[in-house]
Every structure is written in structure tokens, then in C-alpha cells.
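Novice: how does the following fold in three dimensions:
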Amino acid sequence: MSVGISREELDEVLLPAKKLLPVRVYSEFYEKVKDLPLTKEELQRIVKLLINEYLSSLIEPGEPIGTVTAQSVGEPGTQMTLRTFHYAGVRELNVTLGLPRLIELVDARKIPETPIMIIYLDEEHKYDREKALEVARRIEATKLEDIVAKVDIDLVTLTIIIELDPEMMSDKGISRDDVVKSLEKIKAISHNVRPDEHDENKIYIEIPSNYDFMKIQKLRDRLLKIKLKGIKGINRVIVQRRGNEYVLITDGTNLESVLKVKGVDPRRVFTNSIHEVERVLGIEAARQALINEIHNVLEEQGLDVDVRHVMLIADMMTLTGTVKQIGRHGIAGEKPSVLARASFEITVKHLFDASARGEVDELKGVAENVIVGQLIPVGTNIVSLVMNPTLAKPSQG
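Specialist: Numbers count the residues shown, from 1 in each chain. Coordinates of the predicted model:
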């Protein structure tokens, strides 16, 4: 408690700030001043300064916040690197950072260039490396090509001979029976799969007699791509220690399936695919993911951009309930103003289409008013003053 000030006096002096400031700002301010050796007058001056600072930081009515946001993100964006860096702490995985990642986010690309997931584990699995590896094996997609030593084609007997690698099978936790069951699911060879009786690492597959050489090659390639276990899309899983717990980092992403895996903490699963977040968790989660991703990209580059600018970008991109890009196929191409759309890209097409539909431009935005040479609706010009002459009183005398 501040020296010389009682709890009641402190609450009384801080009451104007409590009424005006957001809860988070007030709580932070209260924690900082409650133990300072201040007099009542000094505290009143600090509260007055804080309120003035807060009010001066609010956006004025008529402020062109879209333009300010574009400048605030665009100017630092010119200083961003074009290179792709290694992902922090994991040399084996690359992840797109810097300007390419920022462009990828605002373009709302369906699939990220380097999709990754960070998966935290539950209480039972996160402190033990062996248990974390068990979860990793359940998640990592294992294909036949990952566990074979070699694949031969015998054209005389029309047989494909698969020789398995016992060391890789042991590492991936797969038995020969698992491989045979997966091969038997393929309709063309379902009854032609025969494990070797003498060598437990060999499997013979009889090729249908109507297959020519090209078809046999395609069948061989198809067999190698068969998924034996794990989750589709997760190509590799790396177990990494962070603090006192083990975390899984994946090459590839499949949020919906990973959330169902035993041992995963579903409240702490991260993916860098915005569209996947939208599909599985909804538009609000996608908005927050966009804010986090854009802010992290800028922060990682050492650029100090206020998070409110980033929030406005995310709000615009998710306004309609789906994630849309900032471009001709998204926000810029779907503006209600014909002239604003035409001023961005493919001018003639926009004007022809609008003419065919008989669209009317109400000239409510900035771009369209600049084009026609009128004052833009920003600042003091957002006020429309109209005089009704029938209500005007006649002058006296």
C-alpha cells in the first residue's frame, strides 16, 4: 500500500481511472502504484496524466484507420527479409518466415509452403521421452517405402518381391502382419499377397496376368505409397524438449486427426495452416490465429507494429465468416463501390460487369471520391450538413 495513503483513499483517488480505463489497463496500473511511496496529491497527478494519455491515444472520429494500418504494416514490410530460415530449435525442419510468410498469410493460401504443427502432450506423456515417442509414432504417417530394404520385379514369374528392413520396422513399431493386412486392402492384388514361409522379411505379390510392364511399374509405385499407420499429411515428427516437458514438432499438418490422438493435449495444439484452423475450430479461432501469425512474423523480424493494426487486417479478412485474401479475389475485389474495385485491378472488366448489372456507386469510400474529384469522407468531412429552408425562421425587422 502507498505510504501515507489508506486503502479507502487509494480507491477514491483511482476511481476516475477505474471508471474510464479498460479493465486490463487499470489492473496493470493498480499493481504498479499500490506499493509506491506516494502522497495523495502525487497519486492524483499520476492518475490525471494517465487519463489524459489514454484519451489522447484513442482514435478520433473520422480517422482513416485502414490507410494508417496499411502504412503501419507496409512501411516496415519493406525492411523484411526474403529468405527462409530454419525453424528455431529444430535444424531438421525449415519453415517459411519473413516477407514470404506475410504474403502467404494476407493472400490466405489454402496450404502453407511449409506446414508445421507444434503438439503439446498431456500430463501422462509430456515428462517421459519414451512416452512422447509413443505418441509421435501414433501421429507420424509411415508408408511402405519407409520400411523396405528393396523391391524387385520378377517378370518371368510375374511377381513383386518386397524385402522389409527389420531395423526400420522395429523403429516404427510395425510388424510384417501389419504390412500384409495393408497390402490385402488393395483390390487388384487382395488375394495375391503371400508372405515367405522361410524368410520373415519377404513378401511375394503375384501380378495379374493382364498387366503390361508400364502397369506393373505403376503398381509398384502405388504399393510403396501405401500408408501403414499414422495420420495422413504428417510426414515426420520430431520430439523436442522445451523446459521440463517434451513437445512434438511435425512436418505436415492435420489438426482434426491430431486432436483425437491419445496423449495429445487438445487445448495446446498449434498449426500454421489458417484454413485448417477455420475448418476445425471456426472463424473466431482463424481470426486469432491470423493475428498471432502476422504479429509473430513481424516481431521475429524485429519490427514493432502495434497489434491493433494486425487485428484490423484479421478482422477484414474474416468479416464475412470465411477467411478471404486481401486482393482481387477477396477484400479488394468485393468492395461495394464499382470505382474502388476498378481502381485496384482489371479496370475494364469491373466497369463492363457493373454496367451489365446496372450497379450504382454511392461514392461513400475514399478511392471513388478521389476518382470523381470530390472531398473524401475522412476527418471533418464525415459530417454532412443539410439545411431545411422550410424550417428556417424569417429574419426580424
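Novice: mind listing what's buried in stretch 94-114?
Specialist: Residues of stretch 94-114 classed as buried: 95-102, 104-106, 108, 112, 114 (neighbour count, 16 or more other CB atoms under 10 Å). C-beta: built from backbone N, CA, C; applies to glycine.
Novice: in strands, which of those residues fall?
Specialist: V95 (DSSP state E).
Novice: helices - which of the buried residues of stretch 94-114 land there?
Specialist: Among the buried residues of stretch 94-114, the members falling in helices are G98, L99, P100, R101, L102, E104, L105, V106 (criterion: DSSP state H).
Novice: from what I can see the second one touches P76, true?
Specialist: What it means is L99. No: applying CB atoms under 8 Å as the test, L99 and P76 come out as separate, 10.6 Å apart.
Novice: ok so, going back, and which of the buried residues of stretch 94-114 is nearest G330?
Specialist: Using CB to CB, A108 is the member of the buried residues of stretch 94-114 that lies nearest G330, at 6.7 Å.
Novice: nearest residue to the closest one other than its sequence neighbours?
Specialist: Counting by CB to CB, 6 or more residues apart in numbering, A108 lies nearest to Q325, which is 3.9 Å off, once chain neighbours are set aside.
Novice: from what I see, the one you found and E104 are in contact.
Specialist: No: the pair Q325 / E104 is not scored as a contact, 10.2 Å apart, by CB under 8 Å.
Novice: coming back round to it: got the buried residues of stretch 94-114 as CSV, with distance to E42 columns?
Specialist: Shown next, in CSV, are the buried residues of stretch 94-114 (distance: CB to CB, whole Å):
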residue, distance to E42
V95, 50
T96, 51
L97, 47
G98, 47
L99, 48
P100, 51
R101, 47
L102, 45
E104, 51
L105, 46
V106, 47
A108, 51
P112, 53
T114, 54
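Novice: export the buried residues of stretch 94-114 as CSV, with columns for distance to R220 and pLDDT.
Specialist: Formatted as CSV, the buried residues of stretch 94-114 follow (distance: CB to CB, whole Å; pLDDT from 0 to 100):
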residue, distance to R220, pLDDT
V95, 34, 80
T96, 34, 80
L97, 39, 82
G98, 41, 84
L99, 42, 85
P100, 37, 87
R101, 38, 88
L102, 43, 89
E104, 36, 90
L105, 40, 92
V106, 43, 91
A108, 39, 90
P112, 32, 89
T114, 30, 86
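Novice: which of the buried residues of stretch 94-114 sits closest to A70?
Specialist: Of all the buried residues of stretch 94-114, A70 sits closest to V106, with 11.0 Å by CB to CB.
Novice: name the SS class of the residue nearest to A108, please.
Specialist: State at Q325, reduced to three classes by DSSP: H, G, I helix; E, B strand; the rest coil: coil.
Novice: how many neighbours does it have?
Specialist: 16 (other CB atoms under 10 Å).
Novice: start the count at 26 instead of 1 going forward.
Specialist: Done: numbering now begins at 26, and the last item shifts to Q350.
Novice: for the residue nearest the centre of the chain, give its distance to V262.
Specialist: Nearest to the mean C-alpha position of the chain, by CA atoms, centre = their mean, lies I299 at 3.4 Å. From I299 across to V262, the span is 22 Å (CB to CB, to the nearest Å).
Novice: which SSE is I185 in?
Specialist: strand 184-189 (DSSP states H and E).
Novice: show me what counts as buried in that strand.
Specialist: Buried residues in strand 184-189 (16+ other CB under 10 Å): I185, I187, L189.
Novice: who are the contact partners of the residue nearest to A133?
Specialist: Listed by CB atoms under 8 Å, 6 or more residues apart in numbering, the contact partners of Q350 are V131, D132, A133, M342, I356.
Novice: closest one to L388 out of those, please.
Specialist: Among the contacts of Q350, and counting by CB to CB, the member closest to L388 is I356, at 19.1 Å.
Novice: from A95, how far out is that closest one?
Specialist: Counting by CB to CB - I356 and A95 are separated by 12 Å.
Novice: swap in S81?
Specialist: On the measure of CB to CB, S81 and A95 end up 23 Å apart.
Novice: please apply the same query to Q350.
Specialist: 15 Å.
Novice: the residue nearest to the centre of the chain against L130, yeah?
Specialist: Yes: between I299 and L130 there is a contact under CB under 8 Å: 7.0 Å.
Novice: shared neighbours of the two, anything?
Specialist: Residues touching both I299 and L130 (CB under 8 Å, 6+ apart) are L315, E318.
Novice: can you pull out the strands in the stretch 76-225 of the chain?
Specialist: 110-112, 115-120, 141-146, 167-168, 173-179, 184-189, 218-220 (DSSP state E, counting those that start in this stretch).
Novice: between the ones in helices among the buried residues of stretch 119-139, which is nearest L306?
Specialist: L130 (17.1 Å).
Novice: domain-wise, how is this protein divided?
Specialist: For the chain, automatic domain parsing gives the domain ranges 32-82, 141-165+258-296, 167-254, 360-407.
Novice: noted, bye for now.
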